[in-house]
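Visitor: the sequence and its predicted three-dimensional model are supplied below.
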Amino acid sequence: MDALSYLSGLIGYQLLRVLNPREGYCLAYLGGALLFAAAVMMWRRRGRKSVRGLWRLLGSRRLLTHASTILDLKLYLLNGVLILFAYGLFELSSEAWSSGARGALTTLFGAHPPLPAPRWVAGSVTTVVQVLALELGYWALHYAFHKVPALWTIHRVHHSAEVMTPLTEWRQHPIEFIAFANVLTLSMGASYGAMGWLFGSGAEPFTLFQLNILLVIHLATFHHLRHSGVWIAATGWLGRVVHSPAHHQIHHSTDPRHFDRNLGYALSIWDAAFGTLWVPERRGRVALGCDEPAHEGVVDALARPLLSWLPGPKRKPAQA
Ligand SMILES: [Zn+2]
Ligand SMILES: [Zn+2]
């Protein structure tokens, strides 16, 4: 295969990513988020106003042409290409983590016959444990990105968004992108290996499109609303379990009371367990951003955090 056809294949894959249900950014999931938001707003009895309100929150000219959104788009394209060309070099596969975890458990506790459990029990437990492990890994890394000053300079690229659309998901420095990708493979792979050690071949998670079905449900409903102006809040006890769109919007808030809160992905249980949870009100709105001056472009967004690591006078103190 010559270089040109290789390159066109990569670009084609990148374009087709939005049609692939194995990818979180599939159009079907974005459409699912739109339907979810529309259904909730209709349910709130706003009638026709809800469609206009939704359009204002998701598709207004000010939002789509905002400099912050333009930078999101550029980082989406950059990170999308880097996923194909580079990120794999820095990522240990979930299969490697799985066999590593299974081998470590066998070494520590010895081999044993699989626990006698029906397939649906072993499968259900594995499905849930994988998500809990993913959430724990995500929470821990996200906590580190907020609390370790050198990492916070990297994560501030994401938090500097002044308006949010689902594209803001991609507003990440490559170092952050690689780190979270590894947490995903580590937590999903290691938990799968551990469940395999426990249940044997019955420990297969229930999947759809080769993804954990609980994650597919999350992706296909409200996941993409976390980076939007659509305030949908899980409140009360549900807010201590589910990381709703409003949870994440609070995470992006400029209000110091909200700093370092709501670090979860789909669930808020680890935030509740470790004291970093802020349960949103049913209705609300927050100002978005952090103390980072606006980036002048992609190069600035990528270089500024790294330059801040160099010795010398610092421009501004980081968020607490
Ligand atoms: Zn954060
Ligand atoms: Zn975010």
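Guide: Received the coordinates, thanks. Ligands and ions are numbered 1, 2, ... in the order given.
Visitor: hey, let's count contacts and neighbours off CA atoms from now on
Guide: Noted.
Visitor: flag every buried residue along the helix ranked longest in the chain.
Guide: Secondary structure of the chain per DSSP state H: the longest helix is helix 119-147. In terms of neighbour count (16 or more other C-alpha atoms under 10 Å), helix 119-147 has its buried residues at 122-143, 145-146.
Visitor: ok, now which ones touch the spatially most central residue of the chain?
Guide: Nearest residue to the geometric centre of the chain (C-alpha atoms, centre = their mean): residue 265, 5.6 Å. Neighbour list for residue 265: 135, 138, 139, 243 [criterion: C-alpha atoms under 8 Å, 6 or more residues apart in numbering].
Visitor: out of these, what pair is the most spread apart?
Guide: 138 and 243 (12.5 Å; C-alpha to C-alpha).
Visitor: and for those two, which residues touch both?
Guide: Counting by C-alpha under 8 Å, 6+ apart, the residues touching both residue 138 and residue 243 are 264, 265.
Visitor: tell me how many other residues crowd residue 186.
Guide: Residue 186 is flanked by 24 other residues according to other C-alpha atoms under 10 Å.
Visitor: the one 5 residues further on now?
Guide: Residues near residue 191, counting by other C-alpha under 10 Å, number 26.
Visitor: and for residue 304?
Guide: 15.
Visitor: what does residue 22 give?
Guide: So residue 22, with other C-alpha under 10 Å, has 14 neighbours.
Visitor: list the residues that contact it.
Guide: By C-alpha under 8 Å, 6+ apart, the neighbours of residue 22 are 209, 210, 211.
Visitor: any chance of these in JSON lines, plus pLDDT, distance to residue 68 and secondary structure?
Guide: Shown next, in JSON lines, are these (pLDDT from 0 to 100; distance: C-alpha to C-alpha, whole Å; DSSP: H, G, I helix; E, B strand; the rest coil):
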{"residue": "209", "pLDDT": "92", "distance to residue 68": "33", "secondary structure": "coil"}
{"residue": "210", "pLDDT": "91", "distance to residue 68": "34", "secondary structure": "coil"}
{"residue": "211", "pLDDT": "94", "distance to residue 68": "31", "secondary structure": "strand"}
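Visitor: out of the residues you listed, which one sits closest to residue 287?
Guide: For the contacts of residue 22, the closest approach to residue 287 (C-alpha to C-alpha) belongs to residue 211, at 34.2 Å.
Visitor: beta partners for the closest one?
Guide: residue 208 (DSSP bridges).
Visitor: separation between it and residue 20?
Guide: Distance of residue 211 to residue 20, given as C-alpha to C-alpha, to the nearest Å: 12 Å.
Visitor: check residue 179 too.
Guide: Distance from residue 179 to residue 20, by C-alpha to C-alpha: 23 Å.
Visitor: cool, and residue 122?
Guide: Residue 122 is 28 Å from residue 20, by C-alpha to C-alpha.
Visitor: surely residue 305 is in contact with residue 158?
Guide: No - Residue 305 lies out of contact with residue 158 (C-alpha atoms under 8 Å); the separation is 11.5 Å.
Visitor: quick check: buried residues in the strand or helix carrying residue 179?
Guide: Assigned by DSSP states H and E, residue 179 belongs to helix 174-199. For helix 174-199, the neighbour count (16+ other C-alpha under 10 Å) marks 174, 176-199 as buried.
Visitor: show the average pLDDT along stretch 120-129.
Guide: The average pLDDT for stretch 120-129 rounds to 95.
Visitor: can you list contacts of it?
Guide: 191, 192, 195, 199, 202, 203, 204, 205, 206, 212, 213, 214.
Visitor: what about 6 Å?
Guide: The contact list for stretch 120-129, computed with C-alpha atoms under 6 Å, 6 or more residues apart in numbering, reads 202, 203, 204, 205.
Visitor: residue 94 versus the second one, what's the distance?
Guide: Right, residue 203. 15 Å.
Visitor: out of these two, which sits in the more crowded spot?
Guide: Per other C-alpha under 10 Å, whichever of residue 203 and residue 94 has more neighbours is residue 203, with 26 against 21.
Visitor: contacting residues around the more buried one?
Guide: Residue 203 neighbours (C-alpha under 6 Å, 6+ apart): 122, 123, 126, 195, 196.
Visitor: for those, which one is nearest residue 99?
Guide: residue 196 (9.4 Å).
Visitor: just give the number of residues close to residue 52.
Guide: Counted with other C-alpha under 10 Å, residue 52 comes out at 12.
Visitor: tell me the secondary structure for it?
Guide: Using DSSP: H, G, I helix; E, B strand; the rest coil, the structure places residue 52 in helix.
Visitor: look at it and report its pLDDT.
Guide: Confidence score, pLDDT, at residue 52: 73.
Visitor: distance of it from residue 137?
Guide: 39 Å.
Visitor: cool, and residue 108?
Guide: 22 Å.
Visitor: on the three-state scheme, residue 280 is what?
Guide: Applying three-state DSSP: residue 280 is coil.
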